[in-house]
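Novice: With the input below, show me the fold.
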Amino acid sequence: MPAMANESGCVASFDASKDYFPDKVEVKYGAGFDIEYKNNVKYIRNKISGENYVLHQCGTPAPADASATPADSLQVGNWTKVAAIPGSKVVLDSAPASAIIEQLGLQDAVAASYKFFQVTSPCMQKRLDGLPRIQQSFGSQHRRGLVRRVAYDLANSDLQWTFTTYGMNDPRSFALNPESSSDMLGKAEWIKFVAAFFNKEAEANKIFADIETRYAAAKQQLSAQKSQRTVGFARYNKVANGTVVSWTIDPPQAWVVQGLADAGLSAHTGKMQAFSSVADFYQAAAGWDVLIDVSLEPLPHGGATIPLWQNLLDGYAFGANAKGSAKDLAFLKTSSVYRSDLISSLQNATDYNEHLQVQPDALLEDFGKLAMGATDAKWYRNLPHQVQVDWRSPGDCTN
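Specialist: Numbers count the residues shown, from 1 in each chain. The predicted structure is shown next:
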């Protein structure tokens, strides 16, 4: 007799004693969500968005003990949202969700996207170009002006729900947050989260196990090359008229610190620091061997674009007229200045917010390349060496 598997569609009749989800996932690292199975129901708690998701097998009843927060509620946070699964017509407004759906081979389940949503994956760009774009609707304000309900406009359609990046007062949106995980492998566990909405736990477990194995192998290899190099994250702050008004050192998230350590690197940590003098910034960054720039280059008429090396030379005053202290910075001497936007779309989406968030094994390898001053990283673009942005468009889709 073949092994039982999770249902791929709705069931014809309900058996209250049956385990409808023989394939299950377990959260092992600091992902930021919990999941519990009970017969025909999955209970998910997104600890980052502060929401509760109750997923019941299509064709079976929703549990009586899980009442959904009313759609017109003015409650702030801790919403309970109920949906029948597996998903078949979903809306995208989350770059990591898009990447995970591709990893799980579920592209056909994407039926629409938010109006302003952009991705770097050429094949997903191509798919979204042929699908409806959904707008957000705005409900009435709370009488105190504190709450304005925002929801995706899925009315009068057979669209099921939207994957988004933040908790919303919207009963048909579900947030996923790998960028807020505390652990590198915890980021990849959000593959399990998305899979639960499609009954694809078996596939998610295999994908995650492979990532876990590759991460352990890369960590073991990189542990032998303790570089003792320090990585810092900074940005120049420029206004639309081109004037740089300050410089900021940003503390990295916990998963970044962990990943750099696993690659044999140290991260400059501590509180965010702002400087009105570039000389003071140079002094604070004097011990850095690698600079990861997180600046945005403002456009004259609003918005921003990806900085090039010339922009950084101007923004940090690294150019020909740089003060003496700039020339002494270790990361300039070794040309170790990077940005995580090597893979980008023409609409300014970056793969950093997409596949990087759920591929910690590949990210660890990139960190290892930073330790060696390489120019062939997957996501990190070396600016002094003029590594060009890999612009992705629908025309690059080959599958």
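Novice: ok, and the closest non-adjacent residue to V239?
Specialist: By the measure of C-beta to C-beta, 6 or more residues apart in numbering, the closest residue to V239 outside its immediate chain neighbours is V245, 6.0 Å from it. C-betas here are computed from N, CA, C, even on glycine.
Novice: before we move on, what SS does that neighbour have?
Specialist: Per DSSP: H, G, I helix; E, B strand; the rest coil, the local secondary structure of V245 is strand.
Novice: In contact with it, which residues?
Specialist: Going by C-beta atoms under 8 Å, 6 or more residues apart in numbering, V245 touches 237-239, 276.
Novice: please redo it, this time with the cut-off set to 10 Å
Specialist: Applying C-beta atoms under 10 Å, 6 or more residues apart in numbering to V245 gives the contacts 236-239, 276.
Novice: hang on, K219 packs against L363?
Specialist: No. K219 sits out of contact with L363 when judged by C-beta atoms under 10 Å, with a separation of 11.7 Å.
Novice: intersection of neighbour lists for those two?
Specialist: With contacts taken as C-beta under 10 Å, 6+ apart, K219 and L363 have 184, 259, 263 as neighbours in common.
Novice: Among the contacts of V245, the buried ones, what's the ChimeraX command?
Specialist: Restricted to the buried members of the contacts of V245, where burial is judged by 16 or more other C-beta atoms under 10 Å, the ChimeraX selection command reads as follows:
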select :236,237,238
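Novice: just checking, A216 touches L185?
Specialist: Yes. Here A216 reaches L185: they are 9.3 Å apart, a contact under C-beta under 10 Å.
Novice: Between these two, which contacts overlap?
Specialist: A shared contact of A216 and L185, defined by C-beta under 10 Å, 6+ apart, is any residue touching both; here these are 361, 364.
Novice: Q225: neighbour count?
Specialist: The burial count assigned to Q225 is 12, neighbours taken as other C-beta atoms under 10 Å.
Novice: now Q135
Specialist: Here the count is done by other C-beta under 10 Å, and Q135 has 11 residues near it.
Novice: Contacts only, for it.
Specialist: 114-116, 152-153.
Novice: When you filter these down to buried only, what's left?
Specialist: Buried members of the contacts of Q135, scored by 16+ other C-beta under 10 Å, are 114, 152-153.
Novice: With secondary structure as added columns, please give those in JSON lines.
Specialist: Converted to JSON lines, these look like this (three-state DSSP):
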{"residue": "Y114", "secondary structure": "strand"}
{"residue": "Y152", "secondary structure": "strand"}
{"residue": "D153", "secondary structure": "coil"}
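Novice: ok, so of these, who is nearest A285?
Specialist: Of all the buried ones among the contacts of Q135, Y114 has the smallest distance to A285: 37.6 Å, by C-beta to C-beta.
Novice: Identify the residue nearest that closest one in space, chain neighbours excluded?
Specialist: Closest residue to Y114 apart from its sequence neighbours, by C-beta to C-beta, 6+ apart: D93 at 3.7 Å.
Novice: Likewise for K28?
Specialist: On the basis of C-beta to C-beta, 6+ apart, the spatially nearest residue to K28 that is not a chain neighbour turns out to be E189, at 7.0 Å.
Novice: ok, back up a step: can you redo the contacts of Q135 as JSON lines with pLDDT and distance to D376?
Specialist: Shown next, in JSON lines, are those (pLDDT from 0 to 100; distance: C-beta to C-beta, whole Å):
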{"residue": "Y114", "pLDDT": "93", "distance to D376": "34"}
{"residue": "K115", "pLDDT": "91", "distance to D376": "36"}
{"residue": "F116", "pLDDT": "91", "distance to D376": "33"}
{"residue": "Y152", "pLDDT": "82", "distance to D376": "40"}
{"residue": "D153", "pLDDT": "82", "distance to D376": "44"}
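Novice: Mind picking the two most distant members of those residues?
Specialist: Based on C-beta to C-beta, the longest span within those runs between F116 and D153 and measures 13.4 Å.
Novice: for the stretch 201-350 of the chain, what spans make up the helices?
Specialist: Assigned by DSSP state H, counting those that start in this stretch, the stretch 201-350 of the chain shows helices spanning 201-222, 254-262, 278-284, 309-315, 324-327, 330-333.
Novice: again, but for the stretch 1-150 of the chain
Specialist: For the stretch 1-150 of the chain, the helices identified by DSSP H, counting those that start in this stretch occupy 95-103, 122-129, in order along the chain.
Novice: Present these as TSV; the columns should include mean pLDDT and mean neighbour count.
Specialist: As requested, the helices of the stretch 1-150 of the chain are arranged in TSV below (pLDDT from 0 to 100; neighbours: other C-beta atoms under 10 Å):
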stretch	mean pLDDT	mean neighbour count
helix 95-103	96	26
helix 122-129	96	18
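Novice: Indicate which one of those is closest to A349.
Specialist: Checking the helices of the stretch 1-150 of the chain against A349 by C-beta to C-beta gives helix 95-103 as the closest, at 6.9 Å.
Novice: quick one: the closest one to chain centroid distance?
Specialist: For helix 95-103, the separation from the chain centroid amounts to 9 Å (computed by C-alpha atoms, centre = their mean, to the nearest Å).
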